[in-house]
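Chemist: Curious how this folds, go ahead:
(chains A and B)
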Amino acid sequence: MKRLELMIGGALVGLVVAMALVSFVWTPFDPTAVLSAPPLQRPGWPHVLGTDGMGIDIASRLLVGARSALYVGVIAVGVAALVGVPLGLLTAQLPRAAAEVVLRATDIMYAFPALLLAILFASALGGSTETAMAAIGIASVPAFLRVTRAGAVTVLASDFVLAARSCGTSRPAITVRHVLPNVAPLIGVQASVSFALAILAEAALSYLGLGTPPTTPSWGRMLLDAQTFLFSDPLQAWWPGVAIAVAVLGFNLVGDGLRDFLDPRLAEVA
Amino acid sequence: MLRTIGVRLGVFALGLVVASVVIFAITQALPGDIARVLLGDGASADQVAARRAQLGLDRPLPEQYLAWVGGMVRGDFGQSWLSGLPVRDLIGPRVGVTAWLAGLGLLLAAAIALPLGALAALKRRRWPGFLTSALAQVGMAVPAFWAGILLVVVFAIGLRWLPANGYVPLRSDPLEWASHLVLPVVSLGLVQAAVLIRYVRSAFLEVLGEDHFRTARSIGWTPWRALARHGLRNAAVSLVTVIGLQLASVLVGAIVIERVFVLPGLGSLLLTSVISNDLVVVRGIVMLLVLAVLLINALVDISYVFIDPRLRTGADR
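Modeler: Just a heads-up that it's a prediction; the model follows:
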């Protein structure tokens, strides 16, 4: 069952990655050329999924849209992990009172979900892909910090760390050699789940007109455009939504499958 | 018990202060001169300076911050840079719209997730359990605003049962009010329910392993009765926590949903203010949303004391 989750998730993620990679070398039509074909065509040939209100081939836009989603996800999750993991490792070694202060601070950050932070950033700096990535990344830091800290505290209390310490191994060496490899799987699971959330946040931001700029194809933006033609061409609103759902489902399944695969004890509860 | 509540309220107050500093700092980071942005490129240096003084932007930052916070404490959120209207008057009539949407959305999510989460836990090895979990997994992947768009396609455009967008105040016509809120609330609630189902399921799964549940079963109670009598209260602490944490995402979801259905709530005002650089309004709305999230989470923490008597003696919960 768990292997099935991992396999389906992997296949869906693979599909989205393949879409993004293919779009670099080939798209059926130019995904940005306005009015190169009659607008609002139904699915058929040669426009497999039809054309949108600006006469752009929907299939081509959908392929390139995968890039925006993955791009924002990779950078946002990368930022969150680069900040959150070292902070988590650090707070695991702090005295209880000091760690409590850090954890309380992350509690306050939970009141700023990624989307709200991104809207706040956009008000000060203008909406752009970079603002979106920064906001989503910062909002995901607490999750990485907590997961890393929780894992590190357990590892630090184990016998092999005690043994290493009694051999005179320094704290930084223990952290890098023993703690980090043992919490890495937890971080991997978190990265997968955060990636799914990042894709959802990017889609919502682009839909609101505060994320990826209109000139770059993105799934959220496509939904915004499709809404204008909801009465005449409702089919247009399906494709980008399905693409978002497939990507998010894929990363969530990989995260779940990975967690249960790594720690069978959790499989029953989670 | 009083001490627990006191400590939690202290943390809540501290959170508000930190959040207000963060919000102020970010909205202050605007590159360039906001007075010039508002007046346009044609304005003279004197005009820009006069506008800056009028908006209070020539004062030192700490003074501006204290003036903003001091005003909010007295219920004065400042004046819109764009229209000159008091922010309170702009926000006031919109709070209700967002509160109805988020409140009813959360309620619907809980109403769906509780029974389905229990089902997923009780029948976890049979097909109803698998099906519920699979549905929840798919539901989590659907963006709420897309669900909204699809609901419009089916129920407003296809079947013509409900209006596609707009809002009618409750006082002027309750029936119209309800019909305009059905689709927004359902799109928000369905997606939130999918997230909740998973938490409800794991909260109930923990209860299923407890001795008192086994005892209840062994004296002939049906699983559902045992779960309702013993499970609900024992799972309550985790459930209330999750619902509290969900509030932040429900409020954020409401912002996007308001855009889909053109509802005149806080979210749509926030978005128009962001686009027109009206940072005083942005600041006020974000502060209000964060206040709501921090307050609900403080109340959730305090509610533990009433749900679970064992937590009453613990000082640091």
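
Chemist: can you list the weak-confidence ranges in chain A?
Modeler: Within chain A, the stretches with pLDDT under 70 are A:1-2, A:263-270.

Chemist: Near chain B, which residues of the stretch 51-200 of chain A? Just list them.
Modeler: Within reach of chain B by C-beta under 8 Å from any C-beta of the partner chain, the stretch 51-200 of chain A has these residues: A:104-105, A:107-108, A:110-113, A:115-116, A:119-125, A:127, A:196, A:200. Where C-beta positions appear, they are placed from N, C-alpha and C, glycine not excepted.

Chemist: same thing but 7 Å
Modeler: Selection of the stretch 51-200 of chain A residues close to chain B by C-beta under 7 Å from any C-beta of the partner chain yields A:104, A:108, A:110-113, A:115-116, A:119-124, A:200.

Chemist: are any of these buried, and which?
Modeler: Among those, the ones that count as buried by 16 or more other C-beta atoms under 10 Å in any protein chain shown are A:108, A:110-113, A:115-116, A:119-124, A:200.

Chemist: With secondary structure and distance to B:Ser268 added, can I get those in a markdown table?
Modeler: Shown next, in a markdown table, are those (DSSP: H, G, I helix; E, B strand; the rest coil; distance: C-beta to C-beta, whole Å):
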| residue | secondary structure | distance to B:Ser268 |
| --- | --- | --- |
| A:Ile108 | helix | 27 |
| A:Tyr110 | coil | 25 |
| A:Ala111 | coil | 21 |
| A:Phe112 | coil | 20 |
| A:Pro113 | coil | 18 |
| A:Leu115 | helix | 15 |
| A:Leu116 | helix | 15 |
| A:Ile119 | helix | 12 |
| A:Leu120 | helix | 16 |
| A:Phe121 | helix | 19 |
| A:Ala122 | helix | 15 |
| A:Ser123 | helix | 15 |
| A:Ala124 | helix | 20 |
| A:Leu200 | helix | 20 |
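
Chemist: A:Val153: neighbour count?
Modeler: Counted with other C-beta atoms under 10 Å in any protein chain shown, residues neighbouring A:Val153 total 16.

Chemist: Equivalent analysis for the one 3 residues further on, please.
Modeler: Number of residues near A:Leu156 (other C-beta under 10 Å) recorded here: 19.

Chemist: One more: A:Leu62?
Modeler: For A:Leu62, the count of nearby residues is 22 (other C-beta under 10 Å).

Chemist: if we can go back for a sec, and of the residues of the stretch 51-200 of chain A next to chain B, the nearest to A:Phe261?
Modeler: A:Leu200 (24.0 Å; C-beta to C-beta).

Chemist: Quick check: that closest one touching A:Leu249?
Modeler: No. A:Leu200 is beyond contact range of A:Leu249, at 10.9 Å (criterion: C-beta atoms under 7 Å).

Chemist: Leaving aside the residues adjacent along the chain, what's closest to B:Val195?
Modeler: B:Met140 (5.6 Å; C-beta to C-beta, 6 or more residues apart in numbering or on different chains).

Chemist: sorry, that was for A:Gln190
Modeler: Using C-beta to C-beta, 6+ apart, the nearest residue to A:Gln190 is A:Val147, at 4.6 Å.

Chemist: Now do the helix or strand that neighbour falls within: which elements does it pack against?
Modeler: Assigned by DSSP states H and E, A:Val147 falls within helix A:129-156. If you count contacts as 3 or more C-beta pairs under 7 Å, 6 or more residues apart in numbering or on different chains; DSSP states H and E, helix A:129-156 packs onto helix A:58-93, helix A:96-109, helix A:114-125, helix A:180-207.

Chemist: Tell me where the stretch 1-150 of chain B has helices.
Modeler: Counting by DSSP state H, counting those that start in this stretch, the stretch 1-150 of chain B has helices at residues B:2-28, B:34-39, B:45-55, B:61-73, B:87-122, B:127-141, B:144-151.

Chemist: Check the ones you listed for me: which has the lowest mean pLDDT.
Modeler: Comparing mean pLDDT over the helices of the stretch 1-150 of chain B, the weakest stretch is helix B:34-39, at a mean of 74.

Chemist: And the contacts of that helix?
Modeler: B:43, B:47-48, B:51-52, B:55, B:57, B:81, B:277, B:279 (C-beta atoms under 7 Å, 6 or more residues apart in numbering or on different chains).

Chemist: and if you look at stretch B:203-222?
Modeler: A:268-269, B:117-118, B:121, B:223, B:226-227, B:229-231, B:234-235, B:238-239.

Chemist: Quick check: buried residues in it?
Modeler: The neighbour-count check on stretch B:203-222 (16+ other C-beta under 10 Å) flags B:203-208, B:213, B:216-217, B:221 as buried.

Chemist: returning to that earlier point: could you check how many residues crowd around the residue nearest to A:Gln190?
Modeler: Residues lying near A:Val147 (other C-beta under 10 Å) number 21.

Chemist: Which of the contacts of stretch B:203-222 fall within helices?
Modeler: Per DSSP state H, helices hold the following members of the contacts of stretch B:203-222: A:268-269, B:117-118, B:121, B:223, B:226, B:234-235, B:238-239.

Chemist: buried subset of those residues?
Modeler: Counted by 16+ other C-beta under 10 Å, the ones in helices among the contacts of stretch B:203-222 give B:117-118, B:121, B:223, B:226, B:234-235, B:238-239 as buried.

Chemist: Can you tell me the closest non-neighbouring residue to B:Leu289?
Modeler: Nearest one to B:Leu289, counting by C-beta to C-beta, 6+ apart, is B:Leu251 at 5.4 Å.

Chemist: Verify the stated contact: that neighbour with B:Leu288.
Modeler: No. With contacts counted by C-beta under 7 Å, B:Leu251 stays clear of B:Leu288, the gap being 9.8 Å.

Chemist: Between those two, which has more neighbouring residues?
Modeler: Neighbour totals were compared for B:Leu251 and B:Leu288, and B:Leu251 leads with 27 against 18 (other C-beta under 10 Å).

Chemist: and the more buried one, what helix or strand is that in?
Modeler: Assignment of secondary structure by DSSP H and E places B:Leu251 within helix B:232-260.

Chemist: quick one on the thing from earlier: number of nearby residues for the residue nearest to B:Val195?
Modeler: Other residues close to B:Met140 by other C-beta under 10 Å number 21.

Chemist: got it, and the one 5 residues further on?
Modeler: With neighbours defined by other C-beta under 10 Å, the count for B:Phe145 comes to 30.

Chemist: what sits against it?
Modeler: When contacts are counted by C-beta under 7 Å, 6+ apart, B:Phe145 is found next to A:204, A:207, B:256-257, B:260.

Chemist: ok, residue 130 - how many residues close by?
Modeler: You didn't pick a chain, so chain A it is. A:Glu130, neighbours per other C-beta under 10 Å, totals 13.

Chemist: could you do chain B instead?
Modeler: Using other C-beta under 10 Å, B:Phe130 is surrounded by 14 other residues.

Chemist: Quick check: the gap between it and chain A.
Modeler: Here the criterion is C-beta to the nearest C-beta, to the nearest Å. By it, B:Phe130 lies 8 Å from chain A.

Chemist: Pull the contacting residues for the residue positioned nearest the centre of chain B.
Modeler: Centrality entry for chain B: nearest residue to the mean C-alpha point is B:Leu251, 2.5 Å, by C-alpha atoms, centre = their mean. Residues near B:Leu251 by C-beta under 7 Å, 6+ apart: B:102, B:289, B:292-293.
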